[in-house]
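Engineer: here is a sequence together with a model predicted from it:
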Amino acid sequence: MPVAINYDTGTLAYYKKYAREYRDSTAKLHLSELYKPFLKEIPVGGHILDAGCGSGRDTKAFLERGYRVTGIDASPEMAQSAVLLTGQHCEVLSFRKMEFNGLFDGIWACASLLHVSKHEMADVMRRFIRALKIGGIFYISLKEGEGERFAEDGRFFNYYTEGSFRDFLTNFPSLREIAVWKTDEVRSQPNAVPWLNFLLKKCISNGLV
């Protein structure tokens, strides 16, 4: 029998070992321009899921703008970093175990779905779609490229092109594309690749997700 691969092991080990360094390198990044197209679609005081909230940077920014925010992260160390930065609870929760149902006006998945293996992506996407209210907004950022692999630091990454992710999204007829755009890496990193940003809206489509 084939051996099951645990895609999380190296990724969680990395964030455990480098929690402080990762927090320090990301918590003060200025992403206001990235927030604008997403927040423009969210009702005042709306409820946002910060999915894979990391240092808590985006949770804090959304709270300061008057939104309600639920933060989740699979890494206990990252969740604790978010608590320290935001002053509110952050649940330790894997995307594969989410059971939210029609709870959120928006989902913010910034640099987090890239750690999900491609054979698990469909199930995770369905969980996210179920978590959204009808009319809810879903922001996703991914590294541009092809395939999936473990990085030298042990973390697992998947990569998509604009076309390949659009093809993947055809499996979810309840999602309508609002916008797609590219941005450059804001941190100084070797061999940096562009980011793909997708803004999607949950619409009724024959009761399907």
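Structural biologist: Yes, it's here.

Engineer: which is the next helix or strand following the helix or strand of the chain with the lowest mean pLDDT?
Structural biologist: Ranking every helix and strand in the chain by mean pLDDT, DSSP states H and E puts helix 19-26 at the bottom, with a mean of 79. Proceeding C-terminally, helix 19-26 gives way to helix 32-39 as the next helix or strand, assigned by DSSP states H and E.

Engineer: what does that next one contact?
Structural biologist: Outside of helix 32-39, the residues within contact range by CB atoms under 8 Å, 6 or more residues apart in numbering are 58, 61-62, 65, 67, 106, 108, 110, 137, 139, 178-179, 183, 197, 199. Every residue, glycine included, has its C-beta placed from N, CA and C.

Engineer: which residues are contacting the next helix or strand after that helix?
Structural biologist: For helix 32-39, the succeeding helix or strand toward the C-terminus, using DSSP H and E, is strand 47-51. Applying CB under 8 Å, 6+ apart, the contact partners of strand 47-51 are 42, 56, 58-59, 62, 67-72, 95, 100, 103-109, 112-113, 128, 131.

Engineer: in its sheet, what does strand 47-51 sit against?
Structural biologist: strand 68-73 (parallel), strand 104-109 (parallel) (DSSP bridges).

Engineer: centre of the chain versus stretch 49-65, how much separation?
Structural biologist: Stretch 49-65 sits 11 Å away from the centroid of its parent chain (CA atoms, centre = their mean, to the nearest Å).

Engineer: next one: stretch 87-102
Structural biologist: The answer for stretch 87-102 is 12 Å, by CA atoms, centre = their mean.

Engineer: kindly format the C-alpha coordinates of it as PDB.
Structural biologist: Extracted C-alpha coordinates of stretch 87-102, given in PDB (Å, rounded to 0.1, in the frame of the first residue of the first chain):
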ATOM      1  CA  GLY A  87      -5.800  40.900  22.000                       C
ATOM      2  CA  GLN A  88      -8.500  38.500  20.900                       C
ATOM      3  CA  HIS A  89      -8.900  34.700  20.700                       C
ATOM      4  CA  CYS A  90      -7.500  32.800  17.700                       C
ATOM      5  CA  GLU A  91      -8.600  29.300  17.200                       C
ATOM      6  CA  VAL A  92      -6.100  26.600  16.300                       C
ATOM      7  CA  LEU A  93      -7.900  24.900  13.400                       C
ATOM      8  CA  SER A  94      -6.900  23.200  10.100                       C
ATOM      9  CA  PHE A  95      -8.800  24.100   7.000                       C
ATOM     10  CA  ARG A  96      -9.600  20.400   6.600                       C
ATOM     11  CA  LYS A  97     -11.600  20.400   9.800                       C
ATOM     12  CA  MET A  98     -13.600  23.600   9.400                       C
ATOM     13  CA  GLU A  99     -17.300  23.100   9.900                       C
ATOM     14  CA  PHE A 100     -18.600  26.700   9.600                       C
ATOM     15  CA  ASN A 101     -22.000  27.200   7.800                       C
ATOM     16  CA  GLY A 102     -23.100  30.500   6.300                       C
END
